[in-house]
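Colleague: structure, please.
(2 chains)
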Amino acid sequence: EAQVTQNPRYLITVTGKKLTVTCSQNMNHEYMSWYRQDPGLGLRQIYYSMNVEVTDKGDVPEGYKVSRKEKRNFPLILESPSPNQTSLYFCASSFALGVVEQYFGPGTRLTVT
Amino acid sequence: DAKTTQPTSMDCAEGRAANLPCNHSTISGNEYVYWYRQIHSQGPQYIIHGLKNNETNEMASLIITEDRKSSTLILPHATLRDTAVYYCIVGRGATNKLIFGTGTLLAVQP
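Modeller: This next block holds a predicted model:
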């Protein structure tokens, strides 16, 4: 089944404790991105990647890092999480840049205390 | 990217057509209209997109006015499982960044 998977689905952590949220897709997609969703603010793009080893900032990249060493994986790294990063996070992928149909993962609900 | 305006919420009876409007009066010539939906904090799901012509797929139809300043998403036979927030998004096909607004909460009633 074609899908985007994220792990973990739920995470409660403390300020400053480094964490990684994994994202993997099995559709051989070139383009992957991360969004965060907050009440009243909608979904906002954090980072995106057009292909292996090619990443760029989205609208709200502060406090996040990403890497794209393999085509299928696009982990989101929070090196020193803070409470304002408490949010619902979504990973998305599409076949290539310019292809409008994006597939989203199920989401990761992160709470930073 | 052009901004969109959608009603905050709508109701629809199960089995009836749901017509969701969207205004995008500042859309430019190379911008597409996309529709996604999100069912209760799940990942958004692509529905349909269009540039100028009306489009139809297995999920829905998209009607774009001739001046392209507004569009309507039509779910022909709404079911309870169609209850979701529907997002109308306008953007260029050359970029994959989706700018989500607040969307329309469609409540399908039995």
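
Colleague: pull the helix or strand with minimum mean pLDDT from the chain.
Modeller: Unless you meant another one, I'm taking chain A. Scoring the helices and strands of chain A by mean pLDDT, DSSP states H and E places strand A:42-51 at the bottom, with a mean of 92.

Colleague: try again with chain B
Modeller: For chain B, the helix or strand with the lowest mean confidence is strand B:84-92, at a mean of 91 (criterion: mean pLDDT, DSSP H and E).

Colleague: so which elements touch it?
Modeller: strand B:18-23, strand B:31-38, strand B:70-75, strand B:104-109 (3 or more Cβ pairs under 8 Å, 6 or more residues apart in numbering or on different chains; DSSP states H and E). For the C-beta atoms, the positions are set from N, CA and C on the backbone; glycine is no exception.

Colleague: swap the cut-off to 7 Å and go again
Modeller: When contacts are defined as 3 or more Cβ pairs under 7 Å, 6 or more residues apart in numbering or on different chains; DSSP states H and E, strand B:84-92 packs onto strand B:31-38, strand B:104-109.

Colleague: what residues does chain B have near chain A?
Modeller: B:32, B:34, B:41-44, B:46, B:49, B:93-94, B:96-98, B:100-102 (Cβ under 7 Å from any Cβ of the partner chain).

Colleague: repeat the analysis, applying 10 Å as the threshold.
Modeller: Taking Cβ under 10 Å from any Cβ of the partner chain as the contact definition, chain B meets chain A at B:32, B:34, B:36, B:38, B:41-50, B:85, B:87, B:89, B:91-103.

Colleague: give me the residue at the spatial middle of chain A.
Modeller: Centre of chain A computed as the mean C-alpha position; nearest residue by Cα atoms, centre = their mean is residue A:34, 3.1 Å away.

Colleague: hang on, isn't that one packed against residue A:59?
Modeller: No - under the contact definition of Cβ atoms under 10 Å, residue A:34 does not touch residue A:59, with a separation of 11.0 Å.

Colleague: okay, and the common contacts of the two?
Modeller: Jointly contacting residue A:34 and residue A:59 under the rule Cβ atoms under 10 Å, 6 or more residues apart in numbering or on different chains are A:44-47.

Colleague: how about whichever residue of chain A sits closest to chain B, nearest residue that isn't a chain neighbour?
Modeller: Across chain A, the shortest distance to chain B (Cβ to the nearest Cβ) belongs to residue A:104, at 3.1 Å. Computed as Cβ to Cβ, 6 or more residues apart in numbering or on different chains, the closest residue to residue A:104 that is not its neighbour in sequence is residue B:43, at 3.1 Å.

Colleague: much appreciated, bye for now.
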